[in-house]
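Chemist: sequence? don't have it. structure:
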């Protein structure tokens, strides 16, 4: 009887220990396996050039769009009448502005450096009887005039083809290049002042930087033309 009582006591103790262990297991919270974190696309967090263009031009976009809307019906009618083929509407602006840049722009920049190098009083075939010093500002101002006029045409032609104006890198580079040309136009006013040499240096080097900006504008224009 004593041995039977001993066995029953051991069985009871084992059962209590098992129940206690099960109770702890039930009380322990279940942990889900850690899920891998998705990689963050840094490029997606950066504003696109289109978004930058929209924010930069927001204050003027509405009035510019109203101005463009005056002319788009005329070009649309010319297209429907067969007077303005699609190829001309698509690449006409680019061809005209590239011609101005590669002729008047590059010749004007060349003349500017000739003046800086001391050759401003020479007369060449490019100056049409004038000295380089006399011809340089006329050619550059002519290029600026055609850029400003052609820029309006580019906006109208883009809108005629269903594009959104002032929302591309091409618009941004246009604003930068024209702004630099306007600064260039003002610098000669300082040539005769006590800071004249500094103004001449700035005019020469900013002029070269302006040409870089204009060729960047040409590159963004080609990219825009090929995008649709």
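Modeler: That came in fine, so what should we check first? Please read all numbers here as calculations on a predicted model, not as lab measurements.
Chemist: Now residue 73: which helix or strand?
Modeler: Per DSSP states H and E: residue 73 is located in helix 49-80.
Chemist: and that helix, how far from the chain's centre?
Modeler: Distance of helix 49-80 from the chain centroid (CA atoms, centre = their mean, to the nearest Å) equals 17 Å.
Chemist: shift numbering so it begins at 42
Modeler: In the new count, where the first residue is 42, that last one comes out as helix 90-121.
Chemist: I'd like to know the average pLDDT value across that helix.
Modeler: For helix 90-121, mean pLDDT is 87.
Chemist: elements contacting that helix?
Modeler: Other elements packing on helix 90-121 under the criterion 3 or more CB pairs under 8 Å, 6 or more residues apart in numbering; DSSP states H and E are helix 127-141, helix 173-201, helix 210-227. Every residue, glycine included, has its C-beta placed from N, CA and C.
Chemist: Could you pull up the contacting residues of residue 146?
Modeler: Residues in contact with residue 146, defined by CB atoms under 8 Å, 6 or more residues apart in numbering, are 184, 252, 255.
Chemist: Correction: the previous question concerned residue 175.
Modeler: Listed by CB under 8 Å, 6+ apart, the contact set of residue 175 reads residue 168.
Chemist: so which of the helices and strands packed on helix 90-121 comes closest to residue 118?
Modeler: Taking CB to CB, helix 173-201 is the member of the helices and strands packed on helix 90-121 nearest to residue 118, at 10.1 Å.
Chemist: Now tell me which helix or strand of this protein has the poorest mean pLDDT.
Modeler: Ranking every helix and strand in the chain by mean pLDDT, DSSP states H and E puts helix 83-86 at the bottom, with a mean of 41.
Chemist: mind checking how far the closest residue in space to residue 157 that isn't next to it in sequence is from residue 144?
Modeler: Residue nearest to residue 157 in three dimensions, not counting chain neighbours: residue 245, with 5.1 Å by CB to CB, 6 or more residues apart in numbering. To residue 144, residue 245 is 21 Å away according to CB to CB, to the nearest Å.
Chemist: Same drill for the two, tell me which one is more crowded.
Modeler: residue 245 (17 against 12; other CB atoms under 10 Å).
Chemist: in which helix or strand would I find that one?
Modeler: helix 237-267.
Chemist: which intervals of this structure have sub-threshold pLDDT?
Modeler: 42-95 (pLDDT under 70).
Chemist: Just want the most central residue of the protein.
Modeler: Nearest to the geometric centre of the chain sits residue 210, at 2.7 Å (CA atoms, centre = their mean).
Chemist: Please tell me how far that one sits from residue 257.
Modeler: Residue 210 is 9 Å from residue 257, by CB to CB.
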